[in-house]
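Peer 1: output the structure for:
(one chain, ligands or ions: 2)
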Amino acid sequence: MNIEFQLKAELKCSGSLSDAVTSSDLTEFVKYCNEGVLKKGAPPGCGAEITWWDVAGEKIGLKIVSDRFVRAHDALFRLKNEFGKFLGKHRIGIRGVEIEDYEIGIEWEEGLRIKKLPFVKEIKQEEGRLRLFLDVDEYALEKRIPDRILKLLEDKCEAARWKGKSEHWELLFESGKRDFYFDKDPTEELIKRGWIRHAAGRGQWIYGPQLTKIFRAFERALLEEVCKPLGYEEMIFPKFVPWDVWKRSGHAKGIYPEAYYVCTPKTRDPEYWEEVMDYYKVTNEVPLDMIMERIEPVGGMCYAQCPPFWIFLQGKTIPDEILPITVFDRSGTSHRYESGGLHGIERLDEFHRVEIVWIGTKKQVIEHAKQLQEGYRRIFEEFMDIEWREAWVTPWFMAQEGKAGLAESKEVGTTDYEAVLPYSGKWLEFQNVSVNGNKYPKGFSVKLQSGEELWSGCSGVGLERWAAVFLAQKGFESHKWPEKFRTIVGELPEVFRFL
Ligand code: SER
Ligand code: ZN
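Peer 2: Ligands and ions are numbered 1, 2, ... in the order given. Below is the predicted model:
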């Protein structure tokens, strides 16, 4: 990609330059910079250059033009340093840097229109070229904002390339055919039987005693058949996720359209809230606008379940001999704003999931994923007798950052488990198993004593999804359910009757 940077800046000095340095001294100095400092590290003929300069009182005006090798903002910092040394001899210091204009021109073949970018006050898209007029100060340059804007553009191009294509999906395994004992939508049957009722929230249900018992039976099968033999211990992961967790997990890059946001009051002083309370009392309406002014978004509700766990290990070094670490959490709900796609207990805004996390060396993590997968197959065959398939898909941690495609390494990625729903013929993803590579240990700065790279994996088992799949295929006549499942579920309780 051909890029040109044009920066106009002013160095503010602590004393008048006109008195201290002669014009020929400065010309000499600029030449020295143009030939040395601004070319350092760049291939021959490349780098940055001062194309114009002017001294007025205590200010030095500069125009810097560069290619991508010594980007103009890097050149500016090099110059600030060099000027500092040069002027120091004349007892003049540099007080600050003012950025007047910064234009970046990029060769732009993409049909992609860019309408808005952070720190960019104007965008001109002309034939074959994208021109960005930046609105930045010295601090923004120190924070490398221009580099990040360029990276963002690359990501946008990448995303656009993937957009037209269907999501990555590659079949890995298919179970044999199974007998189906039901051909209707299980949610409708659940409602008809009074086993569930839609809750007050969107995509939220109240599960009655019968379905709850079925969920718990699934959980028990999972714990007894898979977690216990593989040495898992239970933990309780937080269910409110502050921004800092999502910054480290990558969710902060893309989760916004799907998050359930959490806000705290700006103060808990009752007086501050009195107007809100009074408004409600006289109208019976909750005054959303007034509330919005008084709260602050501090994060979101549990979305992927494992990220907030990693704070437990953040900044720690782990002795090799305690690996692999195997823990799970089933302590609460996950929340996703499922725009439009809501359907029965299959696609929900609030759902229940057992999240399984394992941590070890690369070899251990890959090996462990295989053992888990064997355990799952046993459950699907012996306890549920379902027809399912496994597919290699875009890793969940990439998808949740808004990325498409596959991880760079073939060993890192997500296997989705899908089962067919006889009533619609559609396949429903009901759980996943992922090798997440070093992403989480790296994001949360967790190290291994031996210095070997630490890896991790996770697997989410959605209880509503397991139930949806099982009931859709095996129906509601419990005598037709597999013997092993009947044994763990026992009698379904009858608690409520309605008149
Ligand atoms: N954390 C993983 C996910 O959100 C597994 O549950 O998909
Ligand atoms: Zn996870």
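Peer 1: all contacts plus neighbour counts: C-alpha atoms, from now on.
Peer 2: Noted.
Peer 1: from the chain's centre, how far out does the lowest-mean-pLDDT helix or strand in the chain sit?
Peer 2: One helix or strand of the chain scores below all others by mean pLDDT, DSSP states H and E: helix 17-20, with a mean of 82. Chain-centre distance of helix 17-20: 54 Å, with Cα atoms, centre = their mean, to the nearest Å.
Peer 1: and that helix, what's buried?
Peer 2: Neighbour counts over helix 17-20 (16 or more other Cα atoms under 10 Å) mark residue 17 as buried.
Peer 1: where does the chain dip in pLDDT?
Peer 2: Counting by pLDDT under 70, the chain contains low-confidence ranges at 1, 110, 164.
Peer 1: tell me where the stretch 301-450 of the chain has helices.
Peer 2: Counting by DSSP state H, counting those that start in this stretch, the stretch 301-450 of the chain has helices at residues 362-378, 396-399, 439-443.
Peer 1: out of those, flag the one nearest residue 344.
Peer 2: For residue 344, the closest of the helices of the stretch 301-450 of the chain is helix 396-399, at 22.8 Å, according to Cα to Cα.
Peer 1: is any residue of that closest one near ligand 1?
Peer 2: Yes - judged by Cα under 6 Å from any ligand atom, helix 396-399 comes into contact with ligand 1 through residue 396.
Peer 1: what's that helix packed up against?
Peer 2: Judged by 3 or more Cα pairs under 8 Å, 6 or more residues apart in numbering; DSSP states H and E, helix 396-399 is in contact with no other helix or strand.
Peer 1: mind checking how far residue 156 is from ligand 2?
Peer 2: 26 Å (Cα to the ion, to the nearest Å).
Peer 1: how close does that residue sit to residue 150?
Peer 2: Counting by Cα to Cα, to the nearest Å, the separation of residue 156 from residue 150 is 10 Å.
Peer 1: chain center to stretch 334-349: distance?
Peer 2: Put simply, stretch 334-349 sits 19 Å off its chain's centre (Cα atoms, centre = their mean).
Peer 1: helices or strands next to whichever helix or strand comes after the least confident helix or strand of the chain in the packing?
Peer 2: Going down the chain from helix 17-20, the next helix or strand is helix 23-35, by DSSP states H and E. If you count contacts as 3+ Cα pairs under 8 Å, 6+ apart, helix 23-35 packs onto strand 48-56.
Peer 1: angle of the strand it packs on against helix 23-35?
Peer 2: 160 degrees (axes from the mean of the first three to the mean of the last three Cα atoms, to 10 degrees).
Peer 1: pull out the buried residues from strand 48-56.
Peer 2: For strand 48-56, burial by neighbour count (16+ other Cα under 10 Å) applies to 48-50, 53, 55.
Peer 1: again, but for stretch 5-20
Peer 2: Of all the residues in stretch 5-20, those buried under the rule 16+ other Cα under 10 Å are 5-13, 15, 17.
Peer 1: what does stretch 191-199 give?
Peer 2: Using 16+ other Cα under 10 Å as the test for burial, stretch 191-199 gives 194-197.
Peer 1: one step back: need the helices of the stretch 301-450 of the chain in a markdown table (columns: distance to residue 343).
Peer 2: Output for these, formatted as a markdown table (distance: least, Cα to Cα, whole Å):
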| stretch | distance to residue 343 |
| --- | --- |
| helix 362-378 | 25 |
| helix 396-399 | 21 |
| helix 439-443 | 32 |
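Peer 1: let me have these in TSV, extended by mean neighbour count and distance to ligand 2.
Peer 2: Shown next, in TSV, are those (neighbours: other Cα atoms under 10 Å; distance: least, Cα to the ion, whole Å):
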stretch	mean neighbour count	distance to ligand 2
helix 362-378	17	13
helix 396-399	19	8
helix 439-443	20	10
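Peer 1: any idea how far the biggest strand by length in the chain is from the chain center?
Peer 2: The strand that spans the most residues within the chain, counting by DSSP state E, is strand 94-107. Centroid separation for strand 94-107 versus its chain: 32 Å, with Cα atoms, centre = their mean.
Peer 1: what does that strand contact?
Peer 2: Under the criterion Cα atoms under 8 Å, 6 or more residues apart in numbering, residues 1-14, 80, 83-84, 128-138 lie in contact with strand 94-107.
Peer 1: in strands, which of these fall?
Peer 2: Counting by DSSP E, the part of the contacts of strand 94-107 found in strands is 3-13, 129-134.
Peer 1: let me see the contact set for whichever residue of the stretch 251-400 of the chain sits closest to ligand 2.
Peer 2: Closest approach of the stretch 251-400 of the chain to ligand 2 (Cα to the ion) occurs at residue 306, with a separation of 4.3 Å. Contact analysis of residue 306 by Cα under 8 Å, 6+ apart lists 237, 355, 357, 458.
Peer 1: can you tell me how far the second one is from ligand 1?
Peer 2: From residue 355 across to ligand 1, the span is 5 Å (Cα to the nearest ligand atom, to the nearest Å).
Peer 1: one more: the last one?
Peer 2: With the distance defined as Cα to the nearest ligand atom, residue 458 ends up 6 Å from ligand 1.
Peer 1: helix, strand, or coil at that residue?
Peer 2: Counting by DSSP: H, G, I helix; E, B strand; the rest coil, the backbone at residue 458 sits in strand.
Peer 1: tell me what it is bridged to.
Peer 2: residue 357, residue 434 (DSSP bridges).
Peer 1: give me every residue that touches it.
Peer 2: Going by Cα under 8 Å, 6+ apart, residue 458 touches 306, 355-358, 433-436.
Peer 1: what is the burial count for the residue lying closest to residue 447 once chain neighbours are set aside?
Peer 2: Nearest residue to residue 447, sequence neighbours excluded (Cα to Cα, 6 or more residues apart in numbering): residue 317, at 4.6 Å. Neighbour count for residue 317, taken as other Cα atoms under 10 Å: 14.
Peer 1: next one: residue 96
Peer 2: Around residue 96 sit 13 other residues, with neighbours defined as other Cα under 10 Å.
Peer 1: pull out the buried residues from the longest strand of the chain.
Peer 2: For strand 94-107, burial by neighbour count (16+ other Cα under 10 Å) applies to 94, 97, 99-100, 102-106.
Peer 1: in a markdown table, list these along with distance to residue 32.
Peer 2: Formatted as a markdown table, the buried residues of strand 94-107 follow (distance: Cα to Cα, whole Å):
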| residue | distance to residue 32 |
| --- | --- |
| 94 | 19 |
| 97 | 21 |
| 99 | 23 |
| 100 | 24 |
| 102 | 24 |
| 103 | 25 |
| 104 | 25 |
| 105 | 27 |
| 106 | 29 |
